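>>> Build me a model:
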Amino acid sequence: MAQVHARGRTVRRRRVGGPARALLAMLLTALVVGGAVPYVSGAGRAYLSYLVLAEGEDAAGAARAGAESRAAGGQVVQEYPQIGAVLVYATGAFADRVRARPGIAAAGATRTAPVVAPPRAVAGTGDFSAGTGAGTATGARAAGAVAGRGAGRSGDVLARGGDRADSGTVTVPDPGEAGAWNLAMVAGAGIRAGGAPAVSGGAVPGADALHGVLVAVLDSGVDDTHPDLRAAVDPKASASCADGRPDARTGAWRPDAGVVESGHGTHVAGIVGATRDGRGVTGVAPGVRIAAVRLLGPLGQYYAENVVCGMLWAADHGARAINNSYFADPWKYNCPEERDQAALIAAVGRAAGYARRAGAVVVASAGNDGQDLGAGRTDERSPNDRVSGPAPVRHLGTECVRLPGELPGVVTVTAVNRDGHPAGYSNYGRGRVSLAAPGGDPDGGPQGAIVSDWPDGRFAALAGTSMAAAHVTGAVAVVAALHPELGADGLAGALAGTAASGCPPGAFGCAERQYFGAGLVVLPR
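You can find the predicted model right below:
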């Protein structure tokens, strides 16, 4: 048993591991109850994945981290030369060994459920071809066979009756680009009596100007065969990072229909940039180019290495905004006093910082737990890749953070309903959130939720801070088209400067900074 110290209280969680026989039994259970598990192979040893960070945040640092990881008995499967880090698979007490090696700043396990083998190499993938580092040639596919399926989910989206989108999502008829109250709201139309947006009056740059802007949707994958998204998704800038290694083979960025939540990224992408053609929906920035980067792995997890890979890929391909409508698994909140979690904070923080320096605004959803991020809180879902049993109740302080939404410099987005008031499910917190945007009501049907694209040419009405973040990402694209000279901080500052004009009057106006941050996002005129 391992002890996890959370704000003065000690709780206990079972450390997943054990001999090959136990792993095989759990694997067979997963195959029966959870569908096929890819790449069943190896000798049945219990491997965990680790992010190892060198003191140097550059290619030399990554080389050092790789060498020290091998010396400590690990297998390096991906280098991140942009940030001086590597992804390693190892058994036993690897973390303790590598932390003691010279030049290592941090190391931490990125999962709690072991796999029976490291991921297999796939020729021709694994290269950050447009970036500053060469990556490795090990490829990208599912990371071995796992012992069991996760117990949680990561997309910040709500569906009626629960918070899994794909298992209970009801699709809606083609809306014909009508009734988009959310677009009217971000256009600065304001709120009329009764909660209905006024007629839109904002101006969006032409499709040609927006086509010069690339934004990245890091999510469950994007169905680029959807009529609304065929012209938007840029295959040259799209990839899968579903096991922490970039895979740019054709279609790797598309959702895996066998994984719950797989439609989430298509819905988010539609909000950002669906084509204006009189059918379906229109995005906030119609005409923008979308880099579809699939993070969601075959077991329904957004592990930290997937996030790091996606951030670096998007930055190296010139994205001006990077949308993150999820939290990094397996910990809903990562606490710096836990050595594994501290390493994950550092790794994702380095990747987000790299993206911002490259000119990308990192946008993230605030989360759907109705919690004050500026106060102590509880976590009853982590680790959400555990193979059995309930999660311990973690009582956390403000030092514990959601990744990537609570990292410095990230634009964190809360959700409002159609009437402009904060959605009851949305996380909030003074000094912890940046902007508010339409997220909708999960019980409001197509008129109260956000209607957007769904795989296989369909449409769905969903609600959540996932949807809110997508509106802000689209708004960043609009500002970037109007002001291509601005860097990441300039783009974020421009949106903050126009946000207050969109807030509703009354008790929940922009003075309520814990709910709105700088205000309700409004497209520049």
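>>> A415 looks like it's in a strand, true?
Yes: A415: assigned to a strand according to DSSP: H, G, I helix; E, B strand; the rest coil.
>>> Bridge partners for it, pull those for me.
A437 (DSSP bridges).
>>> That one: neighbouring residues, count only.
A415 has 33 neighbours, counted by other CB atoms under 10 Å. (C-beta placed from N, C-alpha, C; glycine too.)
>>> What spatial separation is found between it and G409?
21 Å (CB to CB, to the nearest Å).
>>> Q447 contacts G179, correct?
Yes: assessed by CB atoms under 8 Å, Q447 is found in contact with G179 at 7.1 Å.
>>> give me the element the closest residue to P118 other than its chain neighbours is part of.
Spatially, and ignoring its direct neighbours in sequence, P118 is nearest to Y89 (3.8 Å; CB to CB, 6 or more residues apart in numbering). For Y89, the host element (DSSP states H and E) is strand 85-90.
>>> Residues contacting whichever helix or strand comes after that strand, please?
Remark: after strand 85-90, the chain's next helix or strand is helix 94-99, criterion DSSP H and E. For helix 94-99, the external contacting residues (CB atoms under 8 Å, 6 or more residues apart in numbering) are 48, 50, 52, 68-69, 72-74, 88, 104, 106-109, 339-340.
>>> Which helix or which strand is home to A481?
Going by DSSP H and E, A481 is in helix 465-482.
>>> distance of the nearest residue to A257 once chain neighbours are set aside from P227?
Of all residues not flanking A257 in the chain, P455 sits nearest, at 7.2 Å (CB to CB, 6+ apart). Distance of P455 to P227, computed by CB to CB: 12 Å.
>>> swap in D340?
Taking CB to CB, one finds D340 at 44 Å from P227.
>>> and if you look at A187?
Taken as CB to CB, the span from A187 to P227 is 24 Å.
>>> More neighbours: which of these two?
Neighbour tally, A187 and P227, criterion other CB under 10 Å: the higher count belongs to A187, 22 against 14.
>>> thought the more buried one was touching V521?
No: applying CB under 8 Å, one finds A187 not in contact with V521, separated by 10.4 Å.
>>> that older thread, got the contact list for the residue nearest to A257?
Per CB under 8 Å, 6+ apart, neighbours of P455: D223, H226, P255, A257, S262, G263, T266.
>>> any idea how far it is from V259?
Applying CB to CB to P455 and V259 gives a distance of 12 Å.
>>> ok, now G265?
From G265 over to V259 (counting by CB to CB), the distance is 11 Å.
>>> pLDDT wise, what is V284 at?
Model confidence at V284, given as pLDDT, is 97.
>>> which regions of this protein sit below the pLDDT cut-off?
1-44, 123-125, 129-155, 157-168, 189-204, 501-511 (pLDDT under 70).
>>> I'd like to know which elements the helix or strand harbouring I271 is packed against.
For I271, the element it lies in under DSSP H and E is helix 264-273. In terms of contacts (3 or more CB pairs under 8 Å, 6 or more residues apart in numbering; DSSP states H and E), helix 264-273 is packed against strand 214-219, strand 289-294, strand 450-454, helix 465-482.
>>> and if we set it to 10 Å?
strand 214-219, strand 289-294, strand 321-324, strand 450-454, strand 458-462, helix 465-482 (3 or more CB pairs under 10 Å, 6 or more residues apart in numbering; DSSP states H and E).
>>> so which of these gets nearest P118?
strand 289-294 (20.2 Å; CB to CB).
>>> before we move on, the earlier item: what strands flank the strand holding Y89, and is each parallel or antiparallel?
Partners of strand 85-90 in its sheet, by DSSP bridges: strand 48-54 (antiparallel), strand 75-80 (antiparallel).
>>> In a markdown table: the ones you listed, plus distance to Q514.
Compiled in a markdown table, those are given as follows (distance: least, CB to CB, whole Å):
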| stretch | distance to Q514 |
| --- | --- |
| strand 48-54 | 32 |
| strand 75-80 | 35 |
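>>> Tell me which of those is the most buried.
Most buried of those by mean neighbour count (mean count of other CB atoms under 10 Å) is strand 48-54; its value is a mean of 26.
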